[in-house]
Every structure is written in C-alpha cells, then in structure tokens.
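**Student:** I would like the atomic coordinates for the input below:
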Amino acid sequence: MKKLLLLFAFISLISCTSEENFKRADISGEWKMTAYLGFVPELPQIEKGSVVWNIGATNISMTNNSEHAYVSQEGTFSYLWLNAETILINYPDFPGYYKVNLLDGKLRLTRTVQPGTPEVSDQPVLEFEK
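**Tutor:** Take a look at the predicted model:
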C-alpha cells in the first residue's frame with residue numbers, strides 16, 4: 001500500500017506544470033490603460049478607457065481606440081505565467097514578455113525579455129487601473 005501511495009505522490013509531482021508551483025498575482029478582469037511610459041520622443045497621453053485589456057484565465061482581449069497604435073496591439077491573445085512575476089503574451093509576430101506588478105488596485109506591466117536572458121534598458125511600461 002505504501003508503494004502505491006508513493007507512486008501516486010510521484011505521478012502527481014511530475015504532472016504539475018511549473019505554472020502551478022508558484023503564487024501569482026490575480027490580474028483577471030478589465031484593465032484600462034492610464035499611462036504608457038517608454039523611450040519615445042513624446043510620451044502619449046492615454047485617455048482612460050481608450051485602451052482596455054480584458055484579462056481572463058488564459059487569454060487577453062485587447063482593444064485600442066487611442067490615436068497611438070504602438071501602445072497596444074488589438075485582438076485576443078493567449079498568455080501564460082512563466083514564473084511568479086513574468087507573463088508571456090503570444091502575439092502573432094513575436095512573443096511579449098512582461099514583468100507584472102499589482103499594487104493597490106493598479107497593474108503595471110514592464111516589457112522585458114525572456115527570463116534568463118540579459119535585460120534591455122528603456123523597455124516600455126504599461127500602467128492600468130480597473
């Protein structure tokens with residue numbers, strides 16, 4: 001019986017994905033962009049509600065009704081947590097890595113690179129409120 005219990009324990013350990021092995025912030029819901037901070041000649045003024053990300057369990061629906069197309073793509077994209085602080089958004093042309101910071105009802109996504117690779121300076125920062 002002990003061998004059977006150990007076998008089940010071992011199977012359940014190896015069947016867990018890395019995503020299940022860490023605590024992540026609950027970022028689900030509708031988020032309205034309030035700021036785009038980046039290395040651009042002039043920072044865009046984002047009217048709250050003109051860029052909206054609706055974040056579900058595995059997908060993010062993005063709408064961009066601002067005059068600044070570069071602040072957010074439009075469409076629905078799958079995403080996954082890579083570790084406790086980084087998500088990967090599966091854009092069609094290139095992957096989007098973001099460090100997640102959720103504090104006092106505000107969401108800050110800082111563009112980054114794949115975990116384990118050197119950081120790049122002056123990456124865009126997206127700020128949202130519900």
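**Student:** Might you report the residue contacts of Leu102?
**Tutor:** The contact partners of Leu102, by C-beta atoms under 8 Å, 6 or more residues apart in numbering, come to Ala25, Asp26, Ile27, Arg108. Bear in mind the C-beta positions are built from the backbone N, C-alpha and C, glycine included.
**Student:** how about a cut-off of 7 Å?
**Tutor:** Residues near Leu102 by C-beta atoms under 7 Å, 6 or more residues apart in numbering: Ala25, Ile27.
**Student:** cool, Ala57 as well?
**Tutor:** With contact set as C-beta under 7 Å, 6+ apart, Ala57 has these partners: Ser28.
**Student:** For it, identify the helix or strand it belongs to.
**Tutor:** Remark: Ala57 resides in no helix or strand, with elements defined by DSSP states H and E.
**Student:** do the one 4 residues further on as well
**Tutor:** Under the criterion DSSP H and E, the helix or strand holding Ser61 is strand 59-64.
**Student:** other SSEs contacting that strand?
**Tutor:** Using 3 or more C-beta pairs under 7 Å, 6 or more residues apart in numbering; DSSP states H and E, the elements in contact with strand 59-64 are strand 51-55, strand 75-81.
**Student:** Check which residues of the last one are buried.
**Tutor:** If I follow you right, that is strand 75-81. Within strand 75-81, the residues that qualify as buried by neighbour count (16 or more other C-beta atoms under 10 Å) are Phe77, Tyr79, Trp81.
**Student:** Report the rounded mean pLDDT for it.
**Tutor:** The pLDDT scores in strand 75-81 average 97.
**Student:** Can you list the strands that that strand pairs with?
**Tutor:** Sheet pairing for strand 75-81, assigned by DSSP bridges, gives strand 59-64 (antiparallel), strand 86-90 (antiparallel).
**Student:** related to what we said a few turns ago, now the strand holding Ser61: buried residues?
**Tutor:** Counting neighbours by 16+ other C-beta under 10 Å, one finds that the buried residues in strand 59-64 are Ile60, Met62, Thr63, Asn64.
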